[in-house]
Structures are given as C-alpha cells and as structure tokens.
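**Q** I would like the atomic coordinates for the input below:
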Amino acid sequence: MAEPYLPSELAGTKEQPERLWLAAYTKSRHEEMVARGLGAKDVRFLLPTFWKHTQWSDRVHRVPAPLFPGYVFVHVSHEERVRVLQTAGVVNIVAVAGKPSALRDEEVAMLRECTARPRYVEPFPFLQSGHRVRVAKGPLAGWEGVLVYRKNCRRLVVNIEHIMRSVSVDLDGADVEPLN
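**A** Numbers count the residues shown, from 1 in each chain. As a prediction, this is how the structure comes out:
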C-alpha cells in the first residue's frame with residue numbers, strides 16, 4: 001500500500017502531500033480490528049507484534065499479541081488523518097499541545113525491525129534512567145537504549161518517547177558499548 005514515487009520534475013503540478021508517521025491510540029484490544037480497517041482504507045500502517053505465552057487448561061500456547069497495546073502506527077498526510085479517526089476502534093491520534101506528534105525516522109526504523117522480528121522482541125516497562133548503551137555489532141548495530149539482564153540473557157530496552165512505551169530486544173551475539 002505504498003504510495004508511488006513521483007520525482008518533483010515528473011510530478012508536474014500534482015504535489016504529493018507530506019506524510020508523517022503518527023501513533024493512533026485505539027480502544028482496548030482493538031489493535032487488529034483497527035489494522036484491518038486501515039488496510040481496507042489503503043492507509044499504510046505498522047502493528048508490531050510479539051509472541052506471548054498464554055496458559056490454557058492443559059498446555060501453554062504461544063499467540064501473537066500487540067507489542068504496544070493500544071497503539072497502531074500510521075503513515076498519513078494531514079488530510080488523511082480524518083480517515084484514520086473515522087476507523088472503528090480508533091480513539092485519537094497522539095498529540096502534544098493539540099498538534100499530532102510525529103515519530104522520528106529512527107523510531108520508525110526500530111518499529112519496522114520489531115515488526116520483522118516478532119520472536120525476538122517483547123514489551124518492557126518504560127524506563128527513564130539506567131545504563132545507556134549502543135549496539136556496536138550485529139543486526140541491531142547503531143541502536144541505543146538501556147542494557148538490562150532478564151531471563152539469564154542481555155536485553156536492550158529501547159524507548160518510543162511519543163507514546164511513553166518501551167520494547168526489549170534480545171542481544172544474543174551482539175556487542176554493546178557504553179554511552180557517555
């Protein structure tokens with residue numbers, strides 16, 4: 001559902017509207033329904049998931065669950081925000097001082113990586129302080145976050161500031177360096 005690329009010299013008088021990545025806040029447990037609704041409206045979106053262990057009466061089952069409960073990320077222009085807000089299950093678009101708060105390019109890149117690797121990520125409480133590190137080598141090279149130890153392994157906790165949520169990523173095999 002990506003928009004066609006039109007270089008400015010080929011676009012003529014038709015100007016492409018500026019699109020921003022925004023966080024749409026959803027009703028509780030409506031993330032997948034909102035994603036289906038956005039897809040039906042040809043709105044570009046990201047819904048990162050992770051594998052959650054749930055206890056059934058006779059066994060433990062792994063099911064996909066939203067990495068950021070209550071949020072779906074959308075790539076829309078100013079005019080297209082109305083279509084997002086009219087989607088069943090969407091409550092609002094995250095805003096600061098009444099203006100939609102756009103995600104940074106680095107945050108969007110991290111969300112894409114998380115979407116591509118649901119087996120290696122899990123939600124984590126939002127952290128304000130801790131040991132900040134940068135991944136020096138490995139598939140996550142360049143990522144910055146807080147180093148924690150959980151389940152006998154090293155994990156990197158990355159904050160998504162706009163929605164005050166965090167995600168933790170397994171650092172198995174990655175080298176980290178401290179940040180000053």
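**Q** all helices for this protein, in order.
**A** For the chain, the helices defined by DSSP state H cover 8-11, 31-40, 81-85, 105-116.
**Q** could I get the full set of strands for this protein?
**A** Along the chain, counting by DSSP state E, strands occupy 20-26, 44-46, 49-55, 60-66, 71-76, 90-93, 95-96, 99-100, 121-124, 132-137, 144-150, 153-160, 165-170, 175-178.
**Q** rewinding a little: need the helices of the chain in a markdown table with mean neighbour count and mean pLDDT, can you?
**A** Yep, even glycine has a C-beta here, placed from its N, CA and C like the rest. Shown next, in a markdown table, are the helices of the chain (neighbours: other Cβ atoms under 10 Å; pLDDT from 0 to 100):
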| stretch | mean neighbour count | mean pLDDT |
| --- | --- | --- |
| helix 8-11 | 8 | 43 |
| helix 31-40 | 18 | 97 |
| helix 81-85 | 15 | 96 |
| helix 105-116 | 16 | 92 |
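**Q** okay, those in TSV with distance to Ala65 next?
**A** Shown next, in TSV, are the helices of the chain (distance: least, Cβ to Cβ, whole Å):
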stretch	distance to Ala65
helix 8-11	41
helix 31-40	9
helix 81-85	22
helix 105-116	13
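**Q** between the ones you listed, which one is closest to Ala174.
**A** With Cβ to Cβ, the closest approach to Ala174 among these belongs to helix 105-116: 12.7 Å.
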